[in-house]
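Peer 1: Here is a sequence together with a model predicted from it:
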Amino acid sequence: MSALFFKKNLRLASALVFVSTISAWEARAVLPGAEDQELSRIVKHVPKKEEAGDKPHIAQSLTGLNWLRYQLSTLHYTFLHDPKHYGDELASLGNDLYNEYNYPLALEVCQEADLMGSSRAQRIIGAMYAYGQGVVQNHDIALGWFQKAFRRSKYDKALLDTHVLLNLQYDIACSFFNHGEHQTALRYFDNIALYKDYFYPPHVLPLYALYYIGLIHLKGYDPDVPQNDQKAVMYFREVYRGRTYRMRQKHFEQHLIKNLLDEGNKRFKAEKYPDALKLYKEASYYKSKLAKRKVGLMILNGQGEEVNNARALVWLWEGNDGSPHAISSLAEGQFKTGASFYESQNMTEASQWLEQAAAKGHDGAIKLKEEISRKKPPLLDKDFVL
């Protein structure tokens, strides 16, 4: 047993001596003056001309410290039989090459790291396909790599890696959304939303992705993504129920209210009253006083729903926040309620409602109240009791 242990450690020690010897030679031969520089500096790769049909091995294309790192990771794998460590080191090398804009070589290194199951390498390859860096841009292939990286990160319980993956996909999705490519953005947001139940406490990015999905369905930006209020409402409510403490502090529901009211106003101007009424009611679900007033006024005027003064007054009362618009809206509801009692010859109820509206400065209520006071009441009002 001790002999086997000594043999393995002897091989490892020999390998490390070999690497240190190569390191000293490489520093002198490839990096002149490397003693006075940081050893972490990465030498830019100059691609070699390839013979027809012959593709050089990765190690032959690497130079300087990159070549040393590749050899070291190979020695780790050979002597320590640790494929995960080997894949991580290759992914780190691929990330540095990617940051140097050396995309062809970064792709080769990351593909080799992918064979060892490195989720980091899979994420880098996905980014290259998403942005068209060193490969033909293909969003479907990019999403496939991102999903593969997510599954691997979940298997390894590498939460930090998954956080990075989420941020990368979210940046790409927002970029497409801002550039008007809403269908492509929708596919990325759909993939991010899959992470909603992966974290505890909940991660904020899947919730933001759900918000954007609902917004795309609400606006109907593309012909391929038509307006679908029902889907938008479903996604918005899911965001509202799952919002984090930080989102509550920032009053994130105001974004939901604003988009619903804006779209409701567009439908109202287009005289699509039933659709506008539904959106206003949905905005009232998030405790919007303005939305409740709009619902009350529409019911009061019979827009999108039959006239019902009692139900309209309930909405107007709930939407009263003390603002001038809220007070005038409530006065209008009280005036119309009083006028309906006046038409039915119920002067007692009419006077009570008109008095409340007149106290809020409603001109119509003041005039009608004066008219009632000048007239003689009927001999027998239905509410009159001897």
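Peer 2: It's in.
Peer 1: got the domain boundaries for this structure?
Peer 2: Following automatic domain parsing, the chain resolves into domains at 7-28+59-157, 327-375.
Peer 1: averaging pLDDT over each of the ones you listed, which comes out lowest?
Peer 2: Per-stretch mean pLDDT for the domains of the chain is lowest at domain 7-28+59-157 (a mean of 69).
Peer 1: In contact with Ala149, which residues?
Peer 2: For Ala149, the contact set (CB atoms under 8 Å, 6 or more residues apart in numbering) comprises 119-120, 122-123, 126, 161, 165. Yep, even glycine has a C-beta here, placed from its N, CA and C like the rest.
Peer 1: just to confirm, which helix or strand has Ala276 in it?
Peer 2: Assigned by DSSP states H and E, Ala276 belongs to helix 273-285.
Peer 1: could you say what helices and strands the helix or strand following that helix packs with?
Peer 2: Sequence-wise, the next helix or strand downstream of helix 273-285 (DSSP H and E) is helix 289-301. If contacts are counted by 3 or more CB pairs under 8 Å, 6 or more residues apart in numbering; DSSP states H and E, helix 289-301 sits against helix 253-269, helix 273-285, helix 309-318, helix 324-343.
Peer 1: Show me the strands in this structure, by range?
Peer 2: Using DSSP state E, the chain contains no strands.
Peer 1: Find me the pLDDT at the one residue sitting closest to the centre of it, would you?
Peer 2: The centre of the chain sits closest to Ala209, judged by CA atoms, centre = their mean, with a distance of 2.2 Å. Per-residue pLDDT puts Ala209 at 92.
Peer 1: check contacts around it.
Peer 2: 170, 173, 189-190, 192-193.
Peer 1: Take these and keep only those in helices.
Peer 2: 170, 173, 189-190, 192-193 (DSSP state H).
Peer 1: Find the nearest non-adjacent residue to Gln356, please.
Peer 2: Take Gln356 and drop its neighbours on the chain: the residue closest to it by CB to CB, 6 or more residues apart in numbering is Gln334, 4.8 Å away.
Peer 1: Tell me how far the one you found lies from Ile327.
Peer 2: 11 Å (CB to CB, to the nearest Å).
Peer 1: ok, now Phe341?
Peer 2: 21 Å.
Peer 1: and if you look at Glu349?
Peer 2: For Glu349, the distance to Ile327 equals 22 Å [CB to CB].
Peer 1: ditto for Gln137
Peer 2: In terms of CB to CB, Gln137 sits 57 Å off from Ile327.
Peer 1: which of these two has more neighbours?
Peer 2: Ile327 (16 against 12; other CB atoms under 10 Å).
Peer 1: which residues does the more buried one contact?
Peer 2: Ile327 is in contact with 320, 360, counting by CB under 8 Å, 6+ apart.
Peer 1: ok, 7 Å please
Peer 2: Counting by CB atoms under 7 Å, 6 or more residues apart in numbering, Ile327 makes contact with Lys360.
Peer 1: Against Ser373, how distant is it?
Peer 2: 24 Å.
Peer 1: do His139 as well
Peer 2: Taking CB to CB, one finds His139 at 74 Å from Ser373.
Peer 1: what does Arg248 give?
Peer 2: Applying CB to CB, the value for Arg248 to Ser373 is 53 Å.
Peer 1: Check Leu97 too.
Peer 2: Taken as CB to CB, the span from Leu97 to Ser373 is 90 Å.
Peer 1: between those two, which one's more packed in?
Peer 2: When neighbours are counted by other CB under 10 Å, Leu97 and Ser373 differ, and Leu97 comes out ahead with 24 against 9.
Peer 1: which one is the more buried one nearest to, not counting chain neighbours?
Peer 2: Ala106 (3.8 Å).
Peer 1: show me what contacts Ala339?
Peer 2: Leu368.
Peer 1: in the stretch 101-250 of the chain, which spans are helices?
Peer 2: 103-115, 119-131, 139-156, 159-178, 182-193, 204-219, 229-242, 245-249 (DSSP state H, counting those that start in this stretch).
Peer 1: Return the most buried member of those.
Peer 2: Per residue and on average, the most neighbours among the helices of the stretch 101-250 of the chain fall to helix 119-131, with a mean of 24 (mean count of other CB atoms under 10 Å).
Peer 1: Are there helices or strands packed against that one, and which ones?
Peer 2: Other helices and strands packing on helix 119-131, by 3 or more CB pairs under 7 Å, 6 or more residues apart in numbering; DSSP states H and E, are helix 83-99, helix 103-115, helix 139-156, helix 159-178.
Peer 1: Make CSV from the helices of the stretch 101-250 of the chain and add distance to Leu297 to it.
Peer 2: Converted to CSV, the helices of the stretch 101-250 of the chain look like this (distance: least, CB to CB, whole Å):
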stretch, distance to Leu297
helix 103-115, 59
helix 119-131, 47
helix 139-156, 45
helix 159-178, 34
helix 182-193, 33
helix 204-219, 22
helix 229-242, 20
helix 245-249, 30
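Peer 1: Out of the ones you listed, which is closest to Leu354?
Peer 2: helix 229-242 (38.4 Å; CB to CB).
Peer 1: So which elements touch that closest one?
Peer 2: So helix 229-242, by 3+ CB pairs under 7 Å, 6+ apart, packs with helix 204-219, helix 253-269, helix 273-285.
Peer 1: who wins for proximity to Gln345 among those helices?
Peer 2: In terms of CB to CB, the element of these nearest to Gln345 is helix 273-285, at 31.4 Å.
Peer 1: All set, thanks.
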